[in-house]
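Chemist: what's the 3D shape of this:
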Amino acid sequence: MKKSSLLILISSCIVLFLTVFAKANDEPSPYEEIYPEIGYKTVEAAANDFEQHFKEKLMLPLRLPPISFTHYFGRFNDLDSDMNDSFEVVFINDKASENHYKINIRPIEFKLPIRTKYVLETLELKNGNEATLMSLSGFNVLVFERDNWQYMLNIDKRVSDKVTPEILVEIANSIVYPSE
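Modeler: Purely as a prediction, here's the structure:
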């Protein structure tokens, strides 16, 4: 009888522990904790790291998509070689996962190639440069070059009725360098 009581007690403790542990882990961590753990920081700090690394000024779009965001973070990805280095800004909404917008920037000399099979259309920016709209992994992506950078504006396809290709072009056109 003692063995079965001990076994029941141990089993009950294990079930209780797993229940408490599972409930604690079911609640998502706030973005303020998650993103810094994976290398994100303020946009300003990450942009400064990127500029210092490449010794060149970086300008970001002044406009945002017309959807709401609760958080934004920046990250300079300093990998093994400059070829893989990039800067990214992510805008998210903790109440609406579809409100997800990301800007990726890399030096033109290490730009990512445009794959024809993903191209939806080609658009023109106000400075005469060409921009390519692509469809990639749940995102519409506007790719263009400006000064010495390749920009990629990524918007979740679930908000494509609110953030159209024309709006992405307006965002791209809002990048203004001091010499302009």
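
Chemist: does I34 sit in a helix or strand, and which one?
Modeler: According to DSSP states H and E, I34 maps onto helix 31-37.

Chemist: tell me what that helix is packed against?
Modeler: For helix 31-37, the packing partners by 3 or more C-beta pairs under 8 Å, 6 or more residues apart in numbering; DSSP states H and E come out as strand 71-77. Just so you know, the C-beta spots here come from the backbone N, C-alpha and C atoms, and that holds for glycine as well.

Chemist: on contacts alone, who are the packing partners of the strand it packs on?
Modeler: Taking 3+ C-beta pairs under 8 Å, 6+ apart as the contact cut, strand 71-77 packs with helix 31-37, helix 43-54, strand 86-92.

Chemist: rewinding a little: buried residues, the helix holding I34. List them.
Modeler: Y31, Y35 (16 or more other C-beta atoms under 10 Å).

Chemist: what does the strand or helix carrying Y151 rub up against?
Modeler: Taking DSSP H and E as the definition, one finds Y151 inside strand 149-156. Here strand 149-156 makes contact (C-beta atoms under 8 Å, 6 or more residues apart in numbering) with 58, 61, 65, 98-108, 111-112, 136, 138-145, 163, 168, 171-172, 175.

Chemist: now it: mean pLDDT?
Modeler: For strand 149-156, mean pLDDT is 98.

Chemist: Direction included, what does it pair up with?
Modeler: Take DSSP bridges as the rule and strand 149-156 pairs in its sheet with strand 101-107 (antiparallel), strand 139-146 (antiparallel).

Chemist: Compute the inter-axis angle for the first one and strand 86-92.
Modeler: Spelled out, that is strand 101-107. 170 degrees (axes from the mean of the first three to the mean of the last three C-alpha atoms, to 10 degrees).

Chemist: Off-centre distance for the helix or strand following strand 101-107?
Modeler: Counting by DSSP H and E, the element after strand 101-107 in chain order, helix or strand, is strand 119-124. In terms of C-alpha atoms, centre = their mean, to the nearest Å, the centre of strand 119-124 is set 22 Å apart from its chain centre.

Chemist: Restricting to C-alpha, output strand 119-124 in CSV.
Modeler: Output of strand 119-124 as CSV, limited to C-alpha atoms (Å, rounded to 0.1, in the frame of the first residue of the first chain):
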residue,chain,number,x,y,z
VAL,A,119,8.2,39.4,-59.8
LEU,A,120,4.7,40.8,-59.8
GLU,A,121,5.4,44.2,-61.5
THR,A,122,8.0,46.9,-62.1
LEU,A,123,7.3,50.4,-60.9
GLU,A,124,9.1,53.7,-61.3
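
Chemist: same for it, what does it pack against?
Modeler: Short answer (3+ C-beta pairs under 8 Å, 6+ apart): strand 119-124 packs on strand 130-136, helix 165-173.

Chemist: Before I go, just wanted to say thanks for your time.
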